[in-house]
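Peer 1: got a predicted structure here, sequence first:
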Amino acid sequence: MLLVGSVFVRPIAKRVVALRYELGMFRITDYCRARLATRSNITLKHIGHVIAHPLRRRTVRDGRVRMWALIRETNRWLRVTTTANGVVVNAFFDRGFKFEDRVRPRH
């Protein structure tokens, strides 16, 4: 019998959560929904991909989480901002993002 917290169930549960995001099953603010209506090249599938598989993740002081991932269809970096509880606040293609292993010092 498999236990809920067992080693076998955790990878399956993580994959189910990732699949839900990739299918566009996540909460989104009305502001973000209105902004996405004007940005026809960003789909809910793209946003879900960034949330499920971020290549860079940063937590800001106010608790929001910024995530970046490369969207291969457009060959551009998509930045998705969520609240601490996972509600999508904003999503846009980040023209100034450079994927580097080091973190820039803050001034």
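Peer 2: Nice, thanks for sending it over.
Peer 1: which neighbours in the sheet does the helix or strand containing residue 58 have, and how are they oriented?
Peer 2: Element membership for residue 58 (DSSP states H and E) is strand 56-59. Sheet pairing of strand 56-59 (DSSP bridges) gives strand 65-71 (antiparallel).
Peer 1: for whatever helix or strand comes next after the partner strand, packing partners?
Peer 2: The C-terminal neighbour of strand 65-71 among helices and strands, as given by DSSP H and E, is strand 76-82. Here strand 76-82 touches helix 44-52, strand 65-71, strand 88-93, going by 3 or more C-beta pairs under 8 Å, 6 or more residues apart in numbering; DSSP states H and E. Every residue, glycine included, has its C-beta placed from N, CA and C.
Peer 1: any idea which of those is most buried?
Peer 2: Counting by mean count of other C-beta atoms under 10 Å, helix 44-52 has the highest mean neighbour count of the helices and strands packed on strand 76-82, with a mean of 21.
Peer 1: hang on, the earlier thing: can you list the helices and strands packed on strand 76-82 in CSV and add distance to residue 100?
Peer 2: Shown next, in CSV, are the helices and strands packed on strand 76-82 (distance: least, C-beta to C-beta, whole Å):
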stretch, distance to residue 100
helix 44-52, 18
strand 65-71, 12
strand 88-93, 18
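Peer 1: out of the ones you listed, which is closest to residue 32?
Peer 2: Residue 32 lies closest, by C-beta to C-beta, to one member of these: strand 88-93, at 5.5 Å.
Peer 1: mean confidence score for the strand holding residue 58?
Peer 2: On average, the pLDDT along strand 56-59 is 92.
Peer 1: kindly report the same for stretch 98-105.
Peer 2: Averaging pLDDT along stretch 98-105 gives 63.
Peer 1: then stretch 28-35?
Peer 2: Stretch 28-35 comes out at a mean pLDDT of 91.
Peer 1: so what's the residue nearest to residue 69 when sequence neighbours are not counted up against?
Peer 2: The shortest distance from residue 69 to any non-neighbouring residue, by C-beta to C-beta, 6 or more residues apart in numbering, is to residue 50 (4.2 Å). Residues in contact with residue 50 (C-beta atoms under 8 Å, 6 or more residues apart in numbering) are 67-69, 71, 78-80, 91.
Peer 1: noted, bye for now.
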